[in-house]
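Q: Let's see this in three dimensions:
(2 chains, ligands or ions: 2)
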Amino acid sequence: MSHIKIQLKEAQVNQLKEVCRSFDNDPGELINVLHKAQGIFGYLPAEVQEVVARELQLPVAKVYGVVTFYSFFTMQPKGLHPISICMGTACYVRGAEKVLDEFRRILNINVGESTADGKFSISCLRCVGACGLAPVVTIGEKVYGRVSPDGVKDILREYEF
Amino acid sequence: MEKRNLKKVDIIFDISECDYLAVLDKTILRDPDEVILDIIDSGLKGRGGAGFPTGLKWKFTKNEDSEIKYVICNADEGEPGTFKDREILDRVPEKVFTGMAICGFCIGAKEGYIYLRGEYNFLLEELKMKIDLFNKQIREKGLEFTIGIRSGSGAYICGEESALFESMEGYRGEPRNKPPYPTVAGYNWKPTVINNVETLVYVSMICRLGPDKFKELGTKDSRGSKVFSVSGDTPSAGIFELELGMPLNEFVEEFGDGDTKAVQVGGASGHCVPRKQFNETIIGFEGIPTGGSMMIFNSSRSMYNVLHDYLEFFTEESCGQCTPCRVGCQQLLKGIEAVKKGERKPAYLEELKKLALTMKVAAKCGLGQSVANPFNSIIDNFREEIIY
Ligand SMILES: Cc1cc2nc3c(=O)[nH]c(=O)nc-3n(C[C@H](O)[C@H](O)[C@H](O)COP(=O)(O)O)c2cc1C
Ligand code: SF4
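A: Residues are numbered from 1 along each chain as shown, chains lettered A, B, ... in the order given. Ligands and ions are numbered 1, 2, ... in the order given. Below you'll find the model as predicted:
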């Protein structure tokens, strides 16, 4: 877990407690609570996990165990436009790695990182089931198919890069 | 071995089959045991990969003495290269619901859940609306059964049935020891039928048209047809329903780009079939079974890259619970990298193959057990590409 303590906003913490209550503080609802928590904070830093653990009366280790198990949960904040590159086999053999390299080169960040202005972040995704369109990139909710390294700049331009 | 020619069929997505309420009306007037006998007689086997006879699974669960039982539709669809369940849930979800309700009626379950892959959450709102309507319609018929839906959170292992139950209960998705099997102790440790999306659609077809109609297609060991997800080097990627029992060479003729060197049958956990074996390979339970993924590679593709990608996938997705799989996946990956770089002699590949076979016996669940399928078939057939 991170070493720098983050000060959570009180209003957000209250909102989170409200979410826990709406699930009757039931430990069996942990995954659902975490989804909502990530909706509020954008990610799940240790401090958020501690609040959830306290409210649901669970050990923090158990909450941490679930957060790190599922790839939908992240302990790092994502960018305003989160870029995800599918690394499923069909995408991989059709050159997803070169596409990823191009994003990394242009934005100058690595997988799991955000740009300094918080605008973009890059992550790799499991097969998204759009293998017919390989290689596939998603930015936020939008899906781009048959992406080539040459096309990366044009895509980023849509987001005023 | 019995063989069938490649034949495209249209059962799963056939809209005239969508009078689901009529199918339900007809079925719930019958004796549940008779319905189960029909499913057994049809020869339907699970379409999620393992291929267990569906009727037997239902019978075992029905025979369990329990107030509470569950029906679960496995829509986790995580196998790389598979996207058929998404298409089914998008286009004909009512057929899936109907299969679930029929199952509930047969085994005596009052609750059913669809476990939807997290990446498919864009389907969620629409599905919820359709489920609400369906629940209302069957309640009006006096059938005591309610369907709910749960979302996954991005873990391939949660497609494994016992991991799926753990995940639905709010825990890390770590597979359980078996036995007990889900038919005895599944979700919430109650008797549970868990079926793939596609399996449930064939159930509603069998209930509408009878088992004989279903048996008209396929072979003795592989009755009926199956939905395939075709991807890779093909001019016609997409979803195709085909009769089971076809030889792979006919498949390649239809879908390949003329330069096919290998087909990965069954996704990352399936087998890699090289060109020289296309003629003798039958797609079905007697040959190479598949959850539906057919990935075609032409001669421009490096099989080293393909295998490397699979191993990265398994290393990433192993739940880490048992050592043979957790450490085995990492070592296989490091091993082929070392051989490629020349740090290890080519003969080291034999050691790695033995490791993969050890995983097959020693790993706790299907993930670790099936790594040997792609590993050994790719090493055996494309040894030079791995070494040089
Ligand atoms: C690692 C792993 C992943 C699996 N993923 C899926 C899946 O995504 N969908 C599915 O239906 N079955 C999956 N299965 C198989 C299920 O455990 C189970 O056998 C199946 O849902 C039973 O349904 P069926 O009899 O209708 O095929 C997976 C199995 C393993 C070992
Ligand atoms: S075989 Fe792999 S995925 Fe299955 S239980 Fe063991 S570590 Fe987990």
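Q: Quick check: mean pLDDT of the longest strand belonging to chain B?
A: Counting residues, the longest strand in chain B under DSSP state E turns out to be strand B:225-232. For strand B:225-232, mean pLDDT is 94.
Q: Is there any residue in that strand that contacts ligand 1?
A: No: taking CB under 6 Å from any ligand atom as the criterion, strand B:225-232 and ligand 1 are apart, separated by no less than 11.1 Å. Just so you know, the C-beta spots here come from the backbone N, C-alpha and C atoms, and that holds for glycine as well.
Q: ok, how many other residues are close to residue 20?
A: Here I'm looking at chain A. Neighbour count of A:C20, defined by other CB atoms under 10 Å in any protein chain shown: 20.
Q: To clarify, I was referring to chain B.
A: Around B:Y20 there are 24 other residues, counting by other CB under 10 Å.
Q: which sections of chain A are below the confidence cut-off?
A: A:1-4 (pLDDT under 70).
Q: Mind telling me which residue of it is nearest ligand 2?
A: As assessed by CB to the nearest ligand atom, ligand 2 sits closest to A:F69 within chain A, at 11.0 Å.
Q: got a pLDDT number for the nearest residue to that residue once chain neighbours are set aside?
A: Closest residue in space to A:F69, ignoring its immediate chain neighbours: B:R172 at 4.3 Å, by CB to CB, 6 or more residues apart in numbering or on different chains. Per-residue confidence (pLDDT) for B:R172: 96.
Q: mind listing what B:R172 touches?
A: A:65-66, A:69, B:166, B:319 (CB atoms under 8 Å, 6 or more residues apart in numbering or on different chains).
Q: One more: B:N305?
A: B:N305 makes contact with A:92-93, according to CB under 8 Å, 6+ apart.
Q: Now name the helix or strand holding it.
A: Per DSSP states H and E: B:N305 is located in helix B:303-317.
Q: Quick check: next helix or strand after that helix?
A: helix B:323-341.
Q: how does the chain divide into domains?
A: No chain in the question, so chain A it is. A:10-69, A:81-157 (automatic domain parsing).
Q: actually it's chain B I care about, not the one you picked
A: Using automatic domain parsing, the domains assigned to chain B come out as B:15-215, B:225-298, B:303-387.
Q: what about the first one, how long is it end to end?
A: Start-to-end span of domain B:15-215 (CA to CA, to the nearest Å) is 21 Å.
Q: Tell me if it is near ligand 1.
A: Yes: using CB under 6 Å from any ligand atom, domain B:15-215 reaches ligand 1 at B:46-50, B:52, B:74, B:76-79, B:157, B:159-161, B:194-196, B:199.
Q: Which residue comes closest to B:G218 once chain neighbours are left out?
A: B:L244 is the one closest to B:G218 (CB to CB, 6+ apart), at 4.1 Å.
Q: quick one, phi/psi of that neighbour?
A: Backbone torsions of B:L244, given as degrees, to the nearest 10, read phi -70, psi 150.
Q: which bits of the stretch 201-350 of chain B sit near ligand 2?
A: So the stretch 201-350 of chain B meets ligand 2 at B:318-322, B:325-326 (CB under 6 Å from any ligand atom).
Q: Please repeat the previous calculation with a cut-off of 5 Å.
A: Neighbours of ligand 2 within the stretch 201-350 of chain B, by CB under 5 Å from any ligand atom: B:318-319, B:321-322, B:325.
Q: Save these as CSV, and put in pLDDT and neighbour count too.
A: As requested, those are exported to CSV (pLDDT from 0 to 100; neighbours: other CB atoms under 10 Å in any protein chain shown):
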residue, pLDDT, neighbour count
B:S318, 97, 23
B:C319, 96, 23
B:Q321, 96, 18
B:C322, 96, 19
B:C325, 98, 24
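Q: can you give me the strands for the chain?
A: In the absence of a named chain, this looks at chain A. Going by DSSP E, chain A shows strands at A:81-86, A:120-125, A:137-139, A:142-144.
Q: my bad, the chain I had in mind was chain B
A: Secondary structure of chain B (DSSP E): strands at B:70-75, B:111-116, B:146-151, B:192-196, B:225-232, B:238-243, B:246-247, B:260-265, B:271-274, B:282-283, B:293-298.
Q: so who does B:P235 touch?
A: B:P235 sits next to B:D257 when contact means CB under 8 Å, 6+ apart.
Q: could you redo the last one with a cut-off of 10 Å?
A: Contact analysis of B:P235 by CB atoms under 10 Å, 6 or more residues apart in numbering or on different chains lists B:255-258.
Q: try B:F52
A: B:45-46, B:181, B:183, B:195, B:199.
Q: Okay, it and chain A: tell me how far apart.
A: According to CB to the nearest CB, to the nearest Å, B:F52 stands 24 Å off from chain A.
Q: next one: phi and psi at that residue?
A: Dihedral angles of B:F52 (phi, psi; degrees, to the nearest 10) stand at phi -80, psi 140.
Q: With B:E77 instead?
A: Backbone torsions of B:E77, given as degrees, to the nearest 10, read phi 30, psi 70.
Q: Double-check B:I12 against B:V203; I have them as touching.
A: No: look at B:I12 against B:V203 with CB atoms under 10 Å: they stay out of range, at 11.8 Å.
Q: quick one: common contacting residues for these two?
A: Shared contacts of B:I12 and B:V203 (CB under 10 Å, 6+ apart): B:K95.
Q: before we move on, back to that, would you list the buried entries among the residues of domain B:15-215 next to ligand 1?
A: B:46-49, B:74, B:76-79, B:157, B:159-161, B:194-196, B:199 (16 or more other CB atoms under 10 Å in any protein chain shown).
Q: Among these, which ones are in helices?
A: Taking DSSP state H as the definition of helices, those contribute B:161, B:199.
Q: List just the nearest of the contacts of B:F52 to B:Y348.
A: B:G46 (37.5 Å; CB to CB).
Q: Got the confidence number for that closest one?
A: 97.
Q: My read is that it contacts B:N74, right?
A: Yes: shown here, B:G46 and B:N74 form a contact pair, counting by CB under 10 Å, at 9.2 Å.
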